[in-house]
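Novice: Predicted model follows, preceded by the sequence.
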Amino acid sequence: MSLVEPLARPASKTMTDIALSLAGVDKIYLANTKRPIHAVRALDLDVARGEIVALLGSSGCGKTSTLRMIAGFESVSNGAINLAGRRIDPLPPARRGVAMAFEGYSLYPPLTVRDNIAFALKNTRLSAREVAAKVAEIAALVEIEPILDRYPTSISGGQQQRASLARALVRDADLYLLDEPMGQLEPRLRASLRGRLKNLILERKMTSIFVTHDQTEANALADRVAVMEGGVLQQLASQIELKERPANLYVATFIGEPPMNVFDASVETGETFTFTVKDGPRLSYRATEFGEAARVGIAKRPNAVIGVRPHDVKLGVGDNEARVVSNQWLGDQSHIALDVAGKFMVAVSQTEVAERPGERLRYQIRSSRVHVFDADTTRAVSHGHEAAEV
Amino acid sequence: MAQIELNRLSKSFKKNHVINDLSLSAEEGEIVCIFGPSGVGKTVLLRLIAGVEEPDRGDICLNGRDVTEAAPETRGVGIAFQNFALFPHMSAYDNIGSALTARERDKNVIRIKVERVAKLLKISHVLQQAPRELSNGQKQRTALARALVADPKILLLDDPLRNVDAKLRYEMRLELPSLLKASGSTVLYVTQDYKEAMALGDRIAVLIDGGFAQIAAPSEIYRRPATLEVARLFGDPTINLIPGRPDGGSFAIAGVAVPLGPTYASETGRACVLGLRPESLKLSSQAKPGAFPVEIIAVTPLNEKVVLLAHTPDGREIFIAEAGVEDERRAPGPAFAHFDPAEALLFDEASGQRIEPAL
């Protein structure tokens, strides 16, 4: 077995590294009717060479429309798409240099799985032996060797999905577009395929975009995640960045399992900063705990939304106390719901917690873990001690 | 006395044994989750208890009464399905009340009961709306309210959170146990999500191939799974399974004799499978006694954990899950893995049964 060298990611990306660029892209369905549907709005998105970007969002957020425009299955209403130094949005799909694994982009029924995959290499001048070797290698990666000689109609949905993934990955393309690539697979295979796929993509520097509604998948595979909602790109950042510095309330409560706890709060500033949740706790911190920019930002907002991630709620310590609503041990962690201001505040602990529903439990939220959002615009004001980027 | 007694039930469709010699008893007020992969007969089991299907063999006692031959409507059972099954032309109020109108004529009594259950489920404000005007979460609560409104002693819930989005499913998972406990019903809850089963059940009955592989409290099932198959169904990522033969209290992993502790010393030479939960594996950068070499292939964050996909030198793929190591970012490359022998699980390879460590 060959061992893989540790892979270093480029530390910074310069403009020359940009493989794919979307500039001001709109998608408007039914544009000439009374009720046009604006599926994607003014989308700017740059993807570096060798980078993996996930388009993440709930259904109807515009992620699939975006993918289909890049692939060429949908026209672009406004804006331009450039790939590897050429403008591709006027080109037909086959001439864009894009390899795709799409749900609707199915395998050819008259060909075996092996021939389906090999067909993707048809115009490559590879010898038959080289083609066979490439097919065998990719088939092993997605674990479909036993079904290579079967026909698409005789294999399961999960196998079809992997065959279609193999057909895309076997190609040498400027960009790989994957639509929910692992949606139908059982959990263990999905987890190991994620690891192998990521390894392959990194090793070969395959620029990739994949669509998913599953943030676990997005976090596991992608270098950066593009969170979309209402056709608008909400934030494009690494998963750590999304978790620690969400740009707005939507991203804050969309990213993270379980999601961030958020509460409306009134803010008093001075020597101490006090966040008072209506009918709930008062969280007081020394003003000096916050950086200056964060202090200024918070002080401008007498009414704010404060947020804390479930993993950042410390249990059994602190001045505040709440009633336990539920206490659920999941084998490797506990999820505790506390009744705070008539809502749930969820805390996750790596160890079991003794308090049962109905009992009271103390909790603490450190100033370094408090997120503050503008109550009107929902934009982030500060994350812990630091001001949010504007 | 147990409120639900299933005694050696069997049910076949054509030649296919869907439920095979299955027994279960649930105490008053208990929540038992029926958990298993899809297609193992979970829904058929609920239909047998509800009386929609008849068992080929065995009997069903509910509230101390043998109902094996009784008509569904006489069994005193409330049911909610995964697809809600609301009447589209009726308001949420009438949908909930429909569970009462067959027996109860007094409109005031119906109103009081519907309003009480609606308050419990936080849908008081949407009672006059038709199903199409309700969100999925509200539909699901309405269906649940309809099942609860007649104060059934026994409540059968068939994967009720299946069709609601992840966020609401999570909220309901937190909330359901107290709602169900407040109703006082004995609950059989079908799910194919192991986390849901662990979160909701007082006990979990693991249904595999038409029979219960294990019936126990959630933590018992996670820590002491009865079989390999049960061990595999609980945990994310799933448990690592390494075949081999223990030798004098140690077990060879990639050529390294890893200590299992004296409790398994008597299993020397037996064909076994070692089960290691991803979170039981710890990594170190230096070789140390009892640690086996691994090559970390990929580092993937999973919720608040980091999941590492690693290969052993003999080509085995294993998962390692680390929690709370955010400051120390892992990178692909060589490392050593070790574990606390007390957290290792050993299974007989042939039967799949877990081998109890000797005391």
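Specialist: Now that the structure is in, tell me what you want to look at. Residues are numbered from 1 along each chain as shown, chains lettered A, B, ... in the order given.
Novice: I'd say A:G158 and A:E186 touch.
Specialist: Yes. At 7.3 Å, A:G158 and A:E186 qualify as touching, with contact defined as Cβ atoms under 8 Å. Glycine gets a C-beta too; all of them are placed from N, C-alpha and C.
Novice: higher neighbour count, those two?
Specialist: A:G158 (16 against 11; other Cβ atoms under 10 Å in any protein chain shown).
Novice: That one falls within a strand, correct?
Specialist: No. Under DSSP: H, G, I helix; E, B strand; the rest coil, A:G158 falls outside any strand and is assigned helix.
Novice: tell me the contacts of residue 96?
Specialist: No chain was given, so I picked chain A. A:A71, A:G72, A:L83, A:I88, A:D174, A:L175 (Cβ atoms under 8 Å, 6 or more residues apart in numbering or on different chains).
Novice: was after chain B, sorry
Specialist: Here B:I96 is in contact with B:V114, B:V117, B:A118, B:L127, B:T142, B:A145, B:R146, B:V149 (Cβ under 8 Å, 6+ apart).
Novice: again, only this time at 10 Å
Specialist: B:86, B:90, B:110, B:113-115, B:117-118, B:121, B:123, B:127, B:141-150 (Cβ atoms under 10 Å, 6 or more residues apart in numbering or on different chains).
Novice: For the stretch 51-200 of chain B, which segments are assigned as helices?
Specialist: B:92-101, B:107-120, B:136-148, B:166-183, B:194-200 (DSSP state H, counting those that start in this stretch).
Novice: Chain A too?
Specialist: A:63-71, A:113-119, A:128-141, A:157-169, A:187-204, A:215-221, A:239-244, A:249-254, A:292-299 (DSSP state H).
Novice: so can I have JSON lines of those showing distance to A:A337 and mean pLDDT?
Specialist: JSON lines is the format used below for the helices of chain A (distance: least, Cβ to Cβ, whole Å; pLDDT from 0 to 100):
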{"stretch": "helix A:63-71", "distance to A:A337": "31", "mean pLDDT": "94"}
{"stretch": "helix A:113-119", "distance to A:A337": "47", "mean pLDDT": "95"}
{"stretch": "helix A:128-141", "distance to A:A337": "41", "mean pLDDT": "94"}
{"stretch": "helix A:157-169", "distance to A:A337": "35", "mean pLDDT": "91"}
{"stretch": "helix A:187-204", "distance to A:A337": "25", "mean pLDDT": "86"}
{"stretch": "helix A:215-221", "distance to A:A337": "21", "mean pLDDT": "86"}
{"stretch": "helix A:239-244", "distance to A:A337": "21", "mean pLDDT": "90"}
{"stretch": "helix A:249-254", "distance to A:A337": "16", "mean pLDDT": "95"}
{"stretch": "helix A:292-299", "distance to A:A337": "28", "mean pLDDT": "94"}
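Novice: rewinding a little: switch the helices of the stretch 51-200 of chain B over to a markdown table; also include distance to A:N320 and mean pLDDT.
Specialist: Compiled in a markdown table, the helices of the stretch 51-200 of chain B are given as follows (distance: least, Cβ to Cβ, whole Å; pLDDT from 0 to 100):
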| stretch | distance to A:N320 | mean pLDDT |
| --- | --- | --- |
| helix B:92-101 | 37 | 90 |
| helix B:107-120 | 27 | 89 |
| helix B:136-148 | 29 | 87 |
| helix B:166-183 | 19 | 85 |
| helix B:194-200 | 25 | 94 |
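Novice: out of the ones you listed, which comes closest to A:T64?
Specialist: Between A:T64 and the helices of the stretch 51-200 of chain B, the shortest gap by Cβ to Cβ is with helix B:166-183, which sits at 18.1 Å.
Novice: ok, B:H125 touching B:A118?
Specialist: Yes. Contact criterion Cβ atoms under 10 Å: B:H125 and B:A118 qualify, at 8.8 Å.
Novice: Just want to know which of these two has more residues nearby.
Specialist: B:A118 (21 against 9).
Novice: give me every residue that touches the closest residue to the more buried one other than its chain neighbours.
Specialist: Distances taken as Cβ to Cβ, 6 or more residues apart in numbering or on different chains place B:S124 nearest to B:A118, at 4.7 Å, with adjacent residues excluded. Going by Cβ under 10 Å, 6+ apart, B:S124 touches B:A92, B:Y93, B:V114, B:E115, B:R116, B:V117, B:A118.
Novice: Out of those residues, which comes closest to chain A?
Specialist: Using Cβ to the nearest Cβ, B:A118 is the member of these that sits closest to chain A, with 17.6 Å.
Novice: related to what we said a few turns ago, between the helices of chain A, which one is closest to A:A99.
Specialist: Closest among those, using Cβ to Cβ: helix A:157-169, at 4.4 Å.
Novice: tell me which residues in the closest one are buried?
Specialist: Using 16 or more other Cβ atoms under 10 Å in any protein chain shown as the test for burial, helix A:157-169 gives A:G158, A:Q159, A:Q160, A:Q161, A:R162, A:A163, A:S164, A:L165, A:A166, A:R167, A:A168, A:L169.
Novice: which residues does the residue lying closest to B:A226 once chain neighbours are set aside bridge with?
Specialist: Nearest residue to B:A226 in three dimensions, chain neighbours excluded: B:Q214, at 3.9 Å (Cβ to Cβ, 6+ apart). Applying DSSP bridges to B:Q214 gives these bridge partners: B:V206.
Novice: sorry, back to before: dump the helices of chain A into TSV; add distance to B:I31 as well.
Specialist: TSV is the format used below for the helices of chain A (distance: least, Cβ to Cβ, whole Å):
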stretch	distance to B:I31
helix A:63-71	38
helix A:113-119	45
helix A:128-141	43
helix A:157-169	32
helix A:187-204	24
helix A:215-221	27
helix A:239-244	33
helix A:249-254	29
helix A:292-299	44
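Novice: Please convert those to JSON lines, extending it with distance to chain B.
Specialist: JSON lines is the format used below for these (distance: least, Cβ to the nearest Cβ, whole Å):
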{"stretch": "helix A:63-71", "distance to chain B": "16"}
{"stretch": "helix A:113-119", "distance to chain B": "23"}
{"stretch": "helix A:128-141", "distance to chain B": "12"}
{"stretch": "helix A:157-169", "distance to chain B": "13"}
{"stretch": "helix A:187-204", "distance to chain B": "3"}
{"stretch": "helix A:215-221", "distance to chain B": "4"}
{"stretch": "helix A:239-244", "distance to chain B": "6"}
{"stretch": "helix A:249-254", "distance to chain B": "8"}
{"stretch": "helix A:292-299", "distance to chain B": "21"}
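Novice: Near residue 272, how many other residues are there?
Specialist: Using chain A. 12.
Novice: nope, chain B please
Specialist: 21.
Novice: In terms of pLDDT, where does the closest residue to A:G97 other than its chain neighbours sit?
Specialist: In this structure, A:G97 finds its nearest non-sequential neighbour in A:D174, 4.0 Å apart by Cβ to Cβ, 6+ apart. According to the prediction, A:D174 has pLDDT 95.
Novice: can you pull the contacts of A:D174?
Specialist: A:D174 neighbours (Cβ under 10 Å, 6+ apart): A:19-20, A:49, A:83-86, A:88, A:96-99, A:206-207.
Novice: Out of these, which end up buried?
Specialist: By 16+ other Cβ under 10 Å, the contacts of A:D174 give A:A19, A:L20, A:R49, A:L83, A:I88, A:R96, A:V98, A:A99, A:M206, A:T207 as buried.
Novice: and the residue in the stretch 1-150 of chain B that chain A sits nearest to, what does it touch?
Specialist: Residue of the stretch 1-150 of chain B nearest chain A, by Cβ to the nearest Cβ: B:P37 (8.5 Å). For B:P37, the contact set (Cβ under 10 Å, 6+ apart) comprises A:E186, B:Q192, B:Y194, B:V206, B:L207, B:I208, B:D209, B:E229, B:R232, B:L233.
Novice: Would you check that the fifth one makes contact with B:K42?
Specialist: Read that as B:L207. Yes. If you go by Cβ under 10 Å, B:L207 and B:K42 touch, sitting 5.7 Å apart.
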